[in-house]
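Participant: give me coordinates for this.
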Amino acid sequence: MGPVVRAEAAPAPVPLVGNPVSYVDPFIGTTRGGNTWPGATRPFGMMAWSPTNTNGDQTNAPAANGYEYNATKVRGFSLTHVNGAGCAPGAAGDIPILPYVGNVDSSPTADTKDAKYASTFSHANETASPGRYTVTLDSGARTDLAVNTRAGIADFTFPAGSAANLLFRTSNSLNGSENADIEIDSSARTVKGSVLTGSFCGRRGNGGGANNPDRRSYYRLYFSATFDRDFASTGTWHDATVTPGGTAASGGEGYLTGADRAGRGSGGWVGFDTGSDTDVRMRIGISYVSLDGAVANRDAEIPATATVDSVAGATREAWNTELSRIRVGGGTEARTTAFYTSVYHALMQPQIMNDLDGRYLGSDLQVHSARPGQKAVYGTFSGWDQYRAQIQLLAILRPDVAGDMATSMLDFATQNKGIWDRWLHLGAPAHVMTGDPAAPTLATYYAMGVRNFDTGAALDSLVKQATVQNPDALSDAGCPGQCLGQRPTLNTYLALKYAANDICHCWGGAAETLENSLADFSLAMWAKSSGRKDLYRQLLPRGDYWKNTYNPAVGYQAARKADGSWQPGFTPSTDVGFAQGSSATYTWMVPQDVSGLATLMGGRPAAAARLDGFFHDENGNWAVLGGNALRYDPTNEPGIHAPWLYNGLAQPWKTQETVRQILDTAYGTGPAGLPGNDDLGTMSAWYVFAAIGMFPQVPGRAEMLLGSPVFTRVEIERSNGVRLTVNATSTDTYVQSVKLNNSTLRRSWLPESFLQRGGAVSFTLGSSANQTWATATKDLPEDH
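Facilitator: Coordinates of the predicted model:
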């Protein structure tokens, strides 16, 4: 009998992270222009309770959205925020509430330099985790916050024996306010009120100045707070007048800044006796519909028996549920922290807008009710940013939420005379940026299997916007940065087949052409998938209009005039004809036709060589951190797909090394861990895709381009039950081979069926480039 050979046991699979919420660091992105904030919020939450910091100007903030890590002075804890928006001072930041140690003997609004009614703090006394924020101010007051979706709870602790007051700065939203009111009822232990505000990007220098269409009010936020103890004193203020004992006040600040706004506004305070009890507990609810809605939201979501611990614990588990939809293992501690914080930031939005009874504020400023079967109404859509990465991640992880968001956007458009705006704050049109991003967004949702919205009505409405010029299309209001007109100068655009820079009523003609080409391509793909072949044939040629602003004489996208001539003085670094980017960046913005772009550049090898120069300086060193208009900019959206273009140019190993370089140098942990504005989770979503080794090929479709994962194991459970898995032999940079569902994959991309029906991808990775894998012409990503 021969020797017994024992089979070796298969190695145990790499364990997946079991408690992903513990890896979230809300301080990532709070400096270096990331514009994130560390306060308490729930997934897709209406309430986002976070500090408003100050550098000594009550009419401004040290960073968009209120919090800058290096500005360690706070003038209040505001109830609403938007993640990572770029327009200073951001959006919302409504109803800052400040625990103030001292007597209120002058108007807080008159403290225009935040010299008195504000407090410094140390980061050593500050903590943040998903759903909870805590800080002890240098004044001795401690604030401990936790939230549910529409309501929150706070414990305020004051020094024993001190004068202790809570200031409600009702008019001091980040952008100012048209009006605000407060009412204090000592017998009921309540404070209630509202602020009428809006004006996102209303101060923008390129938004039309005094004629900026966003310098207006478009929502009223109501709040109702109740306390666990009696008030020892009350008071109110309006502008410079302070009224001790007052119980009602009103007045707004306007929407300007500096001397034009300083000293205006209103609010109130409640005081507490700290002789025998230093703690104050407050429950507060908000609503965009009514005071009654705020009360109902508060009492349902934060019952009288609730504590900060219980609310924070429930919200932490809600975050754990969301984060666990994408579990990873086998990565470094730092990458895992960056990864789960990125998922966290990406799932802060869209924001729930409806009260518990289903009512919400529409884009027409009227109250509406959610549709039957719609689980929530969602708002706030940073379209130009989000359609490139964030909406794809949302559609993968939460197709149910994506569908409800699509329904919300359709209804907002219907309420807005059929017009889909490129940027929504809540449901209100903000007009910011360029293009028609709602089209690629909903087309992508459809491609990725989202069906819980009226797909036919939505497609018809978006096609109408793309084919019938609307009344504002010739308006210059808000131009160039937030032009009122959507699909501006449409008739001329369709006649010329490009946006003429001299008459386009847009931010930049070349950028508008590129954006519209991609939007129309995505609508064509949607029409094709829906079986609407005539519509597909009508729209598909419009996806090629980008070729009409590609100037072959210089080899770049360029601004073109209505007479067919090119804007003089061209250089690749110019931003004339473009929006927040240079020609060098925008020239690559053709993910729908990489082969066509390569042909114009002289073929794939020539195009790849040019792309090399986009990511490297003249000495061959990496140049992926921004700051040079000729090179890649990780801080803004127009070029974030560019590292993945190498797959279509038959050099996929360069995608692998370029993406890895950006991931490990432009991103990181700590407050400076984002390269620039997070833009409602867009930059965070880019990191998530890069880390799992795949990225959406083009809006309007569901194919995924492959890179190399930084985790050896990834499991994704879509909310519709579809399961996706990724395995890798190591976290080395270069792909040696790939299997899809146990079959050898010779292509650097995954078919739509992977996301739609599920599958398993297995990478063999190594430390040196395999320059033969996925390079055959027949294996390249397909342009459609």
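Participant: could I get the full set of helices for the stretch 251-400 of the chain?
Facilitator: 291-301, 308-323, 333-346, 383-386, 390-397, 399-415 (DSSP state H, counting those that start in this stretch).
Participant: right, and the ones you listed - which one's nearest Lys654?
Facilitator: When the helices of the stretch 251-400 of the chain are compared by C-beta to C-beta, helix 333-346 sits nearest Lys654, at 21.3 Å. For the C-beta atoms, the positions are set from N, CA and C on the backbone; glycine is no exception.
Participant: list the buried residues for stretch 417-429?
Facilitator: Neighbour counts over stretch 417-429 (16 or more other C-beta atoms under 10 Å) mark 419-429 as buried.
Participant: sorry, wrong one. I was asking about stretch 202-212.
Facilitator: Neighbour-count burial for stretch 202-212 [16+ other C-beta under 10 Å]: 202-204, 207-208, 212.
Participant: tell me which two of these sit farthest apart.
Facilitator: Maximum pairwise distance among the buried residues of stretch 202-212 (C-beta to C-beta): 11.1 Å, between Arg203 and Gly208.
Participant: residue contacts, Tyr545?
Facilitator: 497-498, 513, 516-517, 520 (C-beta atoms under 8 Å, 6 or more residues apart in numbering).
Participant: and Trp546, how far from Thr665?
Facilitator: From Trp546 across to Thr665, the span is 30 Å (C-beta to C-beta, to the nearest Å).
Participant: more crowded one of those two?
Facilitator: Comparing Trp546 with Thr665 by other C-beta atoms under 10 Å, the one with more neighbours is Trp546, at 28 against 13.
Participant: around the nearest residue to Lys739 once chain neighbours are set aside, how many other residues sit close by?
Facilitator: Once flanking residues are discounted, Lys739 sits nearest to Ser762: 4.4 Å by C-beta to C-beta, 6 or more residues apart in numbering. Other residues lying near Ser762 total 16 when counted by other C-beta under 10 Å.
Participant: same question for Val101.
Facilitator: 17.
Participant: could I get the pLDDT score of it?
Facilitator: pLDDT for Val101: 98.
Participant: Cys87 now?
Facilitator: 86.
Participant: could I get the contacting residues of Asn175?
Facilitator: Listed by C-beta under 8 Å, 6+ apart, the contact partners of Asn175 are 89-91, 93, 197-200, 202-203, 255.
Participant: nearest to Arg169 among those?
Facilitator: When the contacts of Asn175 are compared for distance to Arg169 (C-beta to C-beta), Gly93 wins out at 10.2 Å.
Participant: the residue nearest to that closest one when sequence neighbours are not counted and Gly202: what is the separation?
Facilitator: Nearest non-adjacent residue to Gly93, counting by C-beta to C-beta, 6+ apart: Leu174, 3.3 Å away. The spacing between Leu174 and Gly202, counted by C-beta to C-beta, is 11 Å.
Participant: same deal with Val147?
Facilitator: As judged by C-beta to C-beta, Val147 and Gly202 stand 27 Å apart.
Participant: then Asp214?
Facilitator: Taking C-beta to C-beta, one finds Asp214 at 5 Å from Gly202.
Participant: where in the chain is pLDDT low?
Facilitator: For the chain, the stretches with pLDDT under 70 are 1-11, 208, 210.
Participant: need the longest helix for it.
Facilitator: In the chain, taking DSSP state H as the definition, the longest helix is helix 509-529.
Participant: from the contact counts, what lies against that helix?
Facilitator: For helix 509-529, the packing partners by 3 or more C-beta pairs under 8 Å, 6 or more residues apart in numbering; DSSP states H and E come out as helix 438-447, helix 455-467, helix 490-496, helix 533-539, helix 583-586.
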